[in-house]
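Enquirer: show me the folded form of this:
(one chain, ligands or ions: 1)
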Amino acid sequence: MRVLVIGAGPAGTRCAERAAAAGMSVTLCGAEPALPYDRVALGKVLSGQADPPALISHDAARLCHAGITYRPATRITALDVASRTATTARGETLPFDRAVIATGSDALRLPLPGADLPGVHVYRSIGDVLALRRSVTTGTRVAVIGGGLLGLEAAACLSQRGARVTVVHAVGWPMERQLDPAAGALLAKQLGAARRLSFAMPAKSEAIEGETHVRALRLADGRRLPCDLVVMAVGVRPSIALARAAGLDVARGIVVDDAMRSSAPEILAIGECAEHRGVVCGLVAPALAMAETAAATLRGEAATYAPRPDTAALKVSGIDVWSAGEIEPADAEAITLSDTSAGRYRRLWLRGGRLIGAVLYGDTADAPFYLSLMADGRDVGAIRAMLPFGLAFQDAA
Ligand SMILES: Cc1cc2nc3c(=O)[nH]c(=O)nc-3n(C[C@H](O)[C@H](O)[C@H](O)COP(=O)(O)OP(=O)(O)OC[C@H]3O[C@@H](n4cnc5c(N)ncnc54)[C@H](O)[C@@H]3O)c2cc1C
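Expert: Numbers count the residues shown, from 1 in each chain. Here you go, the predicted structure:
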């Protein structure tokens, strides 16, 4: 069976490996010129801790040994479901029996005046990171728009390279989707002290000023942040244009069933471009789990993708923060353990006697314990009093 995998990110590459291992004839097309690489580790290149070759996850020998025909710099521009062919940007026609769309997401760019000036960057691909790295030297003033996981990671890495970084965030505390206000305040304080980051929060960006290059970021409250670079880290949008043009059902992502089949059963979709039961994933673990399910479907097995609660951890060394599940839901009870002078804080949310969300700050060793309670949906009524103290105290109780 000829399988065409479109997109050589973690999801596409994993599915290609599994399909090839099952004896299928696999072609993996990636729009980026590089060999498949570890996108999650891009911060190491941005901070200067690593160079791009260190991030390569699948070199030519590994792909060849796996039996995968890899085509870098090959963007698929059209998919014809009826004739089972794909067209590349160079006009070639690639026939397939099954296709797997794994086109991931594109970084969003705010449509601000000045957004097309040289010096305005996003943080998604190795190409983005190399462009940023070339532009930053000691003392470069950078405004990072977006205080979510990626914005903070970019800000910390740029600061490590000697840049003077201000994070501009629309909400009053960073990572508001993963942290409650108290944990967010601790994080902002620690990032300020340990990483020399400044914050403008809550603040809305209004325009990027400059004629030939970025000079300043103007905020809606009238403030003007002089800067040499702007990094937009304001979220991603699933890459679904190819699927939409092919007539597949799309909502936010490409709509798939539990077996990762799109509305055309011979076309599967996985990773950040797929939408399963109304949810589009934004993390690598679910993207890889979808790839495993799709590979099983290709092998003709009855496979079902079972999502687990999302978790989030900031990859800034020396800062331990973790969260999972629902954060600050209105209809849940909360238990808080706060020792902020020691930099430790925990907040857990329970509904119907079950743990449904958790934030850990300062000590994240118990993250797997809380995650398993959430994933199993266990009744925690009997251990409730000791719950915020973590696993060690459950054993002692
Ligand atoms: C800097 C950074 C740090 C991150 N850190 C974490 C982390 O710590 N933990 C975590 O869980 N997640 C993290 N993520 C998110 C994680 O990288 C993604 O969830 C994961 O990469 C999704 O995999 P994917 O294969 O679905 O999509 P992608 O990785 O986006 O790969 C899709 C690939 O398809 C290619 N493509 C698109 N259209 C076409 C086309 N028409 N033809 C051919 N190829 C195409 C794209 O160029 C891209 O290479 C991070 C992301 C970034 C950017």
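Enquirer: which bits of this protein sit near the ligand?
Expert: The chain has residues 6-12, 29-32, 39-40, 42-43, 75-76, 102-105, 123-124, 150, 239, 242, 271-272, 282-285, 287, 315 near the ligand, with proximity defined as C-beta under 6 Å from any ligand atom. Heads up, the C-betas are built off the backbone N, CA and C, glycines and all.
Enquirer: for G381, which non-adjacent residue is closest in space?
Expert: Of all residues beyond its chain neighbours, the one nearest G381 is G353 (4.6 Å), with distances taken as C-beta to C-beta, 6 or more residues apart in numbering.
Enquirer: ok, that neighbour to R90 distance?
Expert: Using C-beta to C-beta, to the nearest Å, one gets 59 Å for the distance from G353 to R90.
Enquirer: okay, those two: which has more neighbours?
Expert: The neighbour count for G353 versus R90, taken as other C-beta atoms under 10 Å, is higher for G353 (12 against 9).
Enquirer: so V256 makes contact with E275?
Expert: Yes: distance between V256 and E275: 6.7 Å, which falls inside the contact criterion (C-beta atoms under 8 Å).
Enquirer: so what sits against both of the two?
Expert: Listed contacts common to V256 and E275 are nil; contacts here mean C-beta atoms under 8 Å, 6 or more residues apart in numbering.
Enquirer: which one of those two has more residues nearby?
Expert: Relative neighbour count places V256 above the other of V256 and E275, with 26 against 21, counting by other C-beta under 10 Å.
Enquirer: contacting residues around that one?
Expert: By C-beta under 8 Å, 6+ apart, the residues touching V256 are 262, 268-270, 274-276.
Enquirer: skipping its backbone neighbours, what lies nearest V122 in space?
Expert: Excluding the flanking residues, the one nearest V122 by C-beta to C-beta, 6+ apart is A107, at 3.8 Å.
Enquirer: quick check: the one you found vs V321, distance?
Expert: In this structure, A107 lies at 23 Å from V321, with C-beta to C-beta as the measure.
Enquirer: same thing with R90?
Expert: 45 Å.
Enquirer: repeat that for L288.
Expert: Here the criterion is C-beta to C-beta. By it, L288 lies 23 Å from V321.
Enquirer: more crowded one of those two?
Expert: Neighbours of L288 and V321, each counted by other C-beta under 10 Å, are more numerous for V321; the result is 25 against 17.
Enquirer: the more buried one contacts A367, correct?
Expert: No: contact criterion C-beta under 8 Å: V321 and A367 do not qualify, at 10.1 Å.
Enquirer: quick one: contacts for G357?
Expert: Contact analysis of G357 by C-beta under 8 Å, 6+ apart lists 323-329, 332, 348-349, 374.
Enquirer: save those residues as TSV, and put in pLDDT and secondary structure too.
Expert: Conversion of those to TSV gives the following (pLDDT from 0 to 100; DSSP: H, G, I helix; E, B strand; the rest coil):
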residue	pLDDT	secondary structure
S323	96	strand
A324	95	strand
G325	93	strand
E326	93	coil
I327	94	coil
E328	94	coil
P329	94	coil
A332	95	coil
L348	97	strand
W349	97	strand
M374	94	helix
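Enquirer: are any of those buried, and if so which?
Expert: When burial is judged by neighbour count using 16 or more other C-beta atoms under 10 Å, the buried members of these are 323-327, 332, 348-349, 374.
Enquirer: okay if I get those as CSV plus distance to L387?
Expert: Shown next, in CSV, are the buried ones among the contacts of G357 (distance: C-beta to C-beta, whole Å):
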residue, distance to L387
S323, 16
A324, 14
G325, 14
E326, 16
I327, 17
A332, 14
L348, 6
W349, 11
M374, 12
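Enquirer: I'd guessed A216 sits against P226; true?
Expert: Yes: A216 is in contact with P226 according to C-beta under 8 Å; the separation is 4.8 Å.
Enquirer: between these two, who's got more neighbours?
Expert: A216 (19 against 12).
Enquirer: partners of that one in the sheet?
Expert: E209, P226 (DSSP bridges).
Enquirer: now the stretch 201-350 of the chain against the ligand: closest residue?
Expert: Closest to the ligand within the stretch 201-350 of the chain is G271: 2.2 Å, counting by C-beta to the nearest ligand atom.
Enquirer: how about that residue, phi and psi?
Expert: phi 80, psi -160 (degrees, to the nearest 10).
Enquirer: L350 versus that one, what's the distance?
Expert: 32 Å.
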